[in-house]
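1. got a sequence here, can you model it:
(one chain, ligands or ions: 1)
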Amino acid sequence: MFFNALSAAAPDPIMALSSLCQQDARPSKLDLGIGVYRNEAGNTPIFEAVKMAEQTLLHQQDSKAYVGMQGNLRFNQAMTTLILGDQQPYDRVRTLQTPGASGALRLLADLIARTQPHATVWLSDPSYTNHEPIFRAAGLKVRHYPYFDLATKQINHHAMMSQFAQLDTSDVVLLHGCCHNPTGADLTFTQWQQVTELALHRGFLPFIDMAYQGFGQSLVQDAKGVRYLTEHVPSYLLASSCSKNFGLYRERVGVAMVAGETETVSDHMLSQLICLARNSYTMSPDHGAAVVAHILNDIALKDNWQNELYTLNQRIRHTRSALRQALETRFDKDFRFIEQHQGMFTMMGLSADSIKRLRTEKAIYLLDNGRLNIAGLTSSQVDHFAESLRSVTEE
Ligand code: PLP
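-> This next block holds a predicted model:
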């Protein structure tokens with residue numbers, strides 16, 4: 001029969017780990033694998049501004065007719081300003097609403113494949129677990145550039161730049177805009193400037209994935225490197241998400257942004273993206289983008305959202321400090337890197353055995369690569385986590 005030759009697809013490692021944790025009956029279990037923010041009560045709350053925007057939309061919306069191929073234009077405009085700021089001209093920038101950053105990544109990967117099927121996409125080593133499958137699914141070649149030094153828990157800047165210096169116009173370099181997933185180690189502004197220089201000199205195409213704006217230093221500070229790069233290079237691709245900074249994970253909302261050398265090229269790029277979307281899902285779901293557009297175009301709601309985002313950010317920072325302290329009282333080691341890393345994640349550099357023992361003996365779930373979601377820990381769980389780590393690494 002038609003489908004009998006199919007074997008089962010491998011499950012997504014992050015989702016599989018999360019469902020393993022859900023099935024674990026031990027009350028002290030901790031899901032520190034999946035990249036979802038949790039508050040001090042262990043919940044992933046809906047932003048107050050989102051709730052208020054939803055109430056308004058419920059009363060105001062008078063049609064469910066198609067929005068349009070590019071999505072919600074007010075949303076696209078507001079997201080473009082949020083990411084790129086209001087200092088640079090947008091004449092060459094085109095923005096398309098997408099189903100999350102995942103949708104943007106796939107559309108942009110398909111765009112690369114359509115124009116340069118033999119291009120190589122360079123990902124950081126390591127990178128977000130779904131990057132490689134997305135680019136491979138689009139038929140593209142994927143390679144990794146040196147990024148994180150597990151020994152120092154810092155970026156291996158020299159090795160990364162040496163790799164970039166060998167690239168050319170057939171290469172695409174994926175850069176995390178901020179809050180690098182999974183390491184938490186971000187480029188400094190000077191390093192962004194140096195990468196920009198090399199992109200100009202070597203001609204490779206920068207592709208930015210910006211999934212956590214506002215989770216590092218601030219909305220503006222987190223975008224500083226991206227703004228510099230996008231102002232200076234002739235062409236780039238950018239995927240962004242509202243899953244984390246608006247807490248709209250399940251609404252599937254994000255943008256794909258493109259810039260070509262001329263306005264005409266940019267128009268062609270956008271029209272191809274629209275065509276690619278039409279060939280699969282036609283257009284993005286409306287709700288999340290309508291909510292974000294409403295918030296970003298209303299001074300009071302925007303203020304409310306920014307304040308709440310700041311409290312999330314501060315909770316992560318406090319948890320980072322508390323964890324550093326809790327670990328330094330138990331181990332004779334320097335854990336400063338936990339405070340230095342940005343966003344939700346940190347790479348602890350644990351052995352495969354420690355990660356396994358944390359799971360089986362302590363019901364603590366970290367990704368196999370040792371990524372720890374700091375935003376999954378509440379203050380009352382920090383000591384328990386540190387103590388568990390001590391017991392699985394020392395016994
Ligand atoms: N890019 C990175 C770096 C991510 O960490 C994630 C989600 O975890 C995504 C993209 C996908 O985000 P979305 O939920 O918007 O599809």
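2. could I get the contacting residues of the residue of the stretch 151-300 of the chain found nearest the ligand?
-> Across the stretch 151-300 of the chain, no residue is closer to the ligand than residue 241, which sits at 3.1 Å (Cβ to the nearest ligand atom). In this view, the C-beta of every residue, glycine as well, is placed from N, C-alpha and C. Each residue near residue 241 by Cβ atoms under 8 Å, 6 or more residues apart in numbering is listed here: 100, 101, 104, 210, 211, 212, 253, 254.
3. identify the residue spatially nearest to it, adjacent ones excluded.
-> In space, and not counting its chain neighbours, residue 241 is closest to residue 101: 3.5 Å by Cβ to Cβ, 6 or more residues apart in numbering.
4. what sits against the one you found?
-> 209, 210, 211, 239, 240, 241, 243, 254.
5. state the pLDDT value of the second one.
-> Pointing back at residue 210 there. Predicted confidence (pLDDT) for residue 210: 98.
6. what about it, neighbour count?
-> Burial of residue 210 is recorded as 26 neighbouring residues (other Cβ atoms under 10 Å).
7. now do the contacts for it.
-> Residue 210 neighbours (Cβ under 8 Å, 6+ apart): 83, 101, 176, 177, 178, 223, 226, 238, 239, 240, 241.
8. one more: the last one?
-> Each residue near residue 254 by Cβ under 8 Å, 6+ apart is listed here: 97-104, 239-243.
9. residues of the protein that sit close to the ligand?
-> 35, 100-102, 128, 176, 181, 209, 211, 241, 243, 249, 254 (Cβ under 6 Å from any ligand atom).
10. run the last query once more with 8 Å
-> Neighbours of the ligand within the chain, by Cβ under 8 Å from any ligand atom: 14, 35, 99-105, 127-128, 130-131, 176, 181, 209, 211-212, 239, 241-244, 249, 252-254.
11. go through these and flag which are in strands.
-> Using DSSP state E, the members of the residues of the chain next to the ligand that fall in strands are 176, 209, 239, 241, 254.
12. show me the contacts for the third one.
-> For residue 239, the contact set (Cβ under 8 Å, 6+ apart) comprises 98, 101, 104-105, 108, 207-211, 254-257.
13. where is the longest helix in the protein?
-> Longest among the helix segments of the chain by residue count, using DSSP state H, is helix 299-328.
14. that one - contacts with which helices or strands?
-> helix 48-60, helix 287-296, helix 336-340, helix 379-394 (3 or more Cβ pairs under 8 Å, 6 or more residues apart in numbering; DSSP states H and E).
15. most neighbours per residue, which of those?
-> Comparing the helices and strands packed on helix 299-328 by mean neighbour count (mean count of other Cβ atoms under 10 Å), helix 287-296 ranks first with a mean of 24.
16. okay, the angle between that helix and helix 48-60?
-> With axes from the mean of the first three to the mean of the last three Cα atoms, to 10 degrees applied, the angle from helix 287-296 to helix 48-60 works out at 110 degrees.
17. how distant is helix 287-296 from the center of its chain?
-> The chain centroid and the centroid of helix 287-296 are separated by 19 Å under Cα atoms, centre = their mean, to the nearest Å.
18. who are the packing partners of that helix?
-> In terms of contacts (3+ Cβ pairs under 8 Å, 6+ apart), helix 287-296 is packed against helix 48-60, helix 73-84, helix 299-328.
19. of all these, which one is nearest residue 192?
-> helix 73-84 (14.0 Å; Cβ to Cβ).
20. list the contacts of the closest one.
-> 70, 90, 93, 95-97, 177, 210, 213, 219, 223, 226-227, 230, 238, 240, 242, 255, 257, 289-290, 292-293, 296-297.
21. and residue 23, which of the helices and strands packed on helix 299-328 is closest to it?
-> Comparing those by Cβ to Cβ, helix 379-394 comes nearest, at 19.6 Å.
22. tabulate the CA atom coordinates of that closest one in CSV.
-> Written as CSV, here are the backbone C-alpha positions of helix 379-394 (Å, rounded to 0.1, in the frame of the first residue of the first chain):
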residue,chain,number,x,y,z
SER,A,379,14.4,30.7,43.2
SER,A,380,13.2,27.9,45.5
GLN,A,381,14.6,25.3,43.1
VAL,A,382,18.1,26.7,42.7
ASP,A,383,19.6,25.0,45.7
HIS,A,384,18.0,21.7,44.9
PHE,A,385,19.4,21.9,41.3
ALA,A,386,22.9,22.9,42.6
GLU,A,387,22.9,20.1,45.2
SER,A,388,21.7,17.5,42.6
LEU,A,389,24.5,18.6,40.3
ARG,A,390,27.0,18.2,43.1
SER,A,391,25.7,14.7,43.9
VAL,A,392,25.8,13.4,40.3
THR,A,393,29.2,14.9,39.5
GLU,A,394,31.0,13.9,42.7
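23. about what we covered before: mind listing what's buried along the longest helix of the chain?
-> For helix 299-328, the neighbour count (16 or more other Cβ atoms under 10 Å) marks 301-302, 304-305, 308-309, 312-313, 315-316, 319-320, 322-327 as buried.
24. and which of the contacts of residue 101 is nearest to residue 46?
-> Of the contacts of residue 101, the one sitting nearest to residue 46 (Cβ to Cβ) turns out to be residue 243, at 12.8 Å.
25. how many neighbouring residues does the nearest residue to that closest one once chain neighbours are set aside have?
-> With sequence-adjacent residues excluded and distances taken as Cβ to Cβ, 6+ apart, residue 243 is closest to residue 249, at 4.4 Å. Using other Cβ under 10 Å, residue 249 has 18 neighbouring residues.
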